[in-house]
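Visitor: Let's see this in three dimensions:
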Amino acid sequence: MNVRLRHDAIVRSLRRNGTMTVDNLADEVSASRRTILRDISALRDEGFSIHSESGRGGGLRLDPQSVQTTARLSVAEVFALLISVAAMRAARNLPFSSLADSGLAKIEKALPADKVRDLRRFLDCLHVGQLSPQQDLSDLGTMDPELLPTFETAFLQQQLLRFRYRDAKGSATGREVEPQAMLILPPLWYLVAWDPERDDFRHFRMDRISRPEAIEGTTFRRRHVPFEDDVCPYRDLPR
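Guide: Got it, this is the predicted structure:
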């Protein structure tokens, strides 16, 4: 369980059970006492009011009126919301776009400055267009849930991205590429990357990518992605 999921589990447990000991929480989230104490300190820093009660029947208690003071959404989570709205708008099937935009604006305002900076860098790589009506969608699959957070890491830290790719004929190959952009042509999503082996850009359908991994210790430079005129960046979409 990663840190964010563990923090969420601790807050849920405290809200559900009222008072819990450190040992109880450690057992519930499969972590050590030291990790739980560190997590409690981090949650307090985020604005949760968690009290320590000593003696028999004591433990940790979350103030029911406790309100966190900072947004706990990751850049990838906010980005996922933004691109979902952008994709639906591009497909012209978002009936409440103004409400969606208003809600997303409030989320962005609640983010710390460093997350906003990362989010804007991330949005710079997002492009949305219209899919050709002749496109064959008979083999459309589901995307690996690890792809977006892995792409976030690789993109923001400018690390090569490694994955397995299944082509239209079903043949699987291993790829190591430079993630440069994302292209959304609803309902198809593409990773646009520079392929060092082919010395050119390649478009990879994201529903055909599996086992994505950002390669630590690698780096690459940003490149201009030659999109067509009918594909626009997210920041230029009507708001």
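Visitor: Where do the helices of the chain begin and end?
Guide: 3-17, 22-29, 33-45, 75-90, 97-110, 113-123, 147-156 (DSSP state H).
Visitor: Relative to residue 62, which of those helices is closest?
Guide: Of all those, helix 3-17 sits nearest to residue 62, with 3.8 Å by CB to CB. Quick note: C-beta positions are derived from backbone N, CA and C, even for glycine.
Visitor: Let's have the helices of the chain in JSON lines, adding distance to residue 141 and mean neighbour count.
Guide: Formatted as JSON lines, these follow (distance: least, CB to CB, whole Å; neighbours: other CB atoms under 10 Å):
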{"stretch": "helix 3-17", "distance to residue 141": "25", "mean neighbour count": "16"}
{"stretch": "helix 22-29", "distance to residue 141": "33", "mean neighbour count": "16"}
{"stretch": "helix 33-45", "distance to residue 141": "36", "mean neighbour count": "15"}
{"stretch": "helix 75-90", "distance to residue 141": "17", "mean neighbour count": "19"}
{"stretch": "helix 97-110", "distance to residue 141": "26", "mean neighbour count": "14"}
{"stretch": "helix 113-123", "distance to residue 141": "24", "mean neighbour count": "15"}
{"stretch": "helix 147-156", "distance to residue 141": "12", "mean neighbour count": "21"}
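Visitor: would you turn these into JSON lines with mean pLDDT and distance to residue 162?
Guide: Formatted as JSON lines, these follow (pLDDT from 0 to 100; distance: least, CB to CB, whole Å):
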{"stretch": "helix 3-17", "mean pLDDT": "86", "distance to residue 162": "23"}
{"stretch": "helix 22-29", "mean pLDDT": "92", "distance to residue 162": "30"}
{"stretch": "helix 33-45", "mean pLDDT": "90", "distance to residue 162": "29"}
{"stretch": "helix 75-90", "mean pLDDT": "75", "distance to residue 162": "18"}
{"stretch": "helix 97-110", "mean pLDDT": "74", "distance to residue 162": "31"}
{"stretch": "helix 113-123", "mean pLDDT": "82", "distance to residue 162": "20"}
{"stretch": "helix 147-156", "mean pLDDT": "89", "distance to residue 162": "9"}
